[in-house]
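Novice: I would like to see how this sequence folds:
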Amino acid sequence: MISRLLWAASLFVVAGCQTYVFDRVESARASGAQVSLPSGITIAAPKGYCRDRRSGRRGAVVFASCVRLSGTDGFDPTYGYLLTATAAGAKTDLPRLAGFVRKEAGKRWLAAHGNAEDISIHTLKRSRNALYVEITDRSRPDHLGARGWKAFVNVADQLVVLGVYSGLGPSVSGIDGEELLRAFAQATLVSENSAK
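Specialist: Residues are numbered from 1 along each chain as shown. Below is the predicted model:
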């Protein structure tokens, strides 16, 4: 289980930046874009985010600013942030996972390059369905920012890993990052998954 989570958490180390203009941009809906993963789970992004089809890898999904992806100069409510999502197997015991990520092995697992020394955990919060972790990963590519958020969310009978990154350089930290990640998790939890 931990090895599957490690794979899922490392998928977005090289995700592309969303500042390019793409031909295939999903239109934004009032509630944000929705994508069904091969596992059957529907990922729903907050308002203002569209799927970035050039950045997803191996079943992973990347959401970026609809405004930036369309190449327009309109107001961008996303501030250039980048969202990621992937299925990571069967749902897990979140208190146990919270204990694991605090340990050296857990920090290695969170790190983009597998080095525990690169990770600093700033915040770790748990809700009934999710574990939210604010980290600095000094090995993360510059365009993702060193500081960001990850959420491990039990959706139906599966675990989904969500991420919030800067996408333009400055880190996503503090209350802004937490609120965005919680909105991302909530949008996913209340999407079509409630019927599954």
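
Novice: quote the end-to-end distance of stretch 135-150.
Specialist: For stretch 135-150, the first-to-last residue distance is 8 Å (Cα to Cα, to the nearest Å).

Novice: tell me the buried residues in that stretch?
Specialist: Neighbour-count burial for stretch 135-150, counted by 16 or more other Cβ atoms under 10 Å, picks out 135-137, 140, 143-150. Where you see a C-beta, it was placed from the backbone N, CA and C, and this is true even at glycine.

Novice: return the closest of those residues with respect to residue 89.
Specialist: Nearest to residue 89 among these is residue 150, at 15.7 Å by Cβ to Cβ.

Novice: how about the helices in this structure?
Specialist: 2-10, 66-70, 94-102, 104-110, 174-189 (DSSP state H).

Novice: least reliable of those going by mean pLDDT?
Specialist: If you rank the helices of the chain by mean pLDDT, helix 2-10 sits at the bottom with a mean of 45.

Novice: residue contacts, the most centrally placed residue in the chain?
Specialist: Nearest residue to the geometric centre of the chain (Cα atoms, centre = their mean): residue 163, 1.8 Å. Contacts for residue 163 were tallied using Cβ atoms under 8 Å, 6 or more residues apart in numbering; they are 12, 83-85, 148-151.

Novice: most neighbours per residue, which of the helices of the chain?
Specialist: Each of those was scored by mean neighbour count; the highest is helix 66-70, a mean of 22, by mean count of other Cβ atoms under 10 Å.

Novice: right, and residue 76 touches residue 50 too?
Specialist: No: the criterion here is Cβ atoms under 8 Å, and residue 76 misses it with residue 50 at 11.7 Å.

Novice: give me the common contacts of the two.
Specialist: Common neighbours of residue 76 and residue 50, using Cβ under 8 Å, 6+ apart, are residue 65.

Novice: these two touch, right, residue 116 and residue 104?
Specialist: Yes: Residue 116 lies in contact with residue 104 (Cβ under 8 Å); the separation is 4.7 Å.

Novice: rewinding a little: what's the burial count for the residue nearest to the residue nearest to the centre of the chain when sequence neighbours are not counted?
Specialist: Among residues not flanking residue 163 along the chain, residue 84 sits closest, at 4.0 Å (Cβ to Cβ, 6 or more residues apart in numbering). Number of residues near residue 84 (other Cβ atoms under 10 Å) recorded here: 28.
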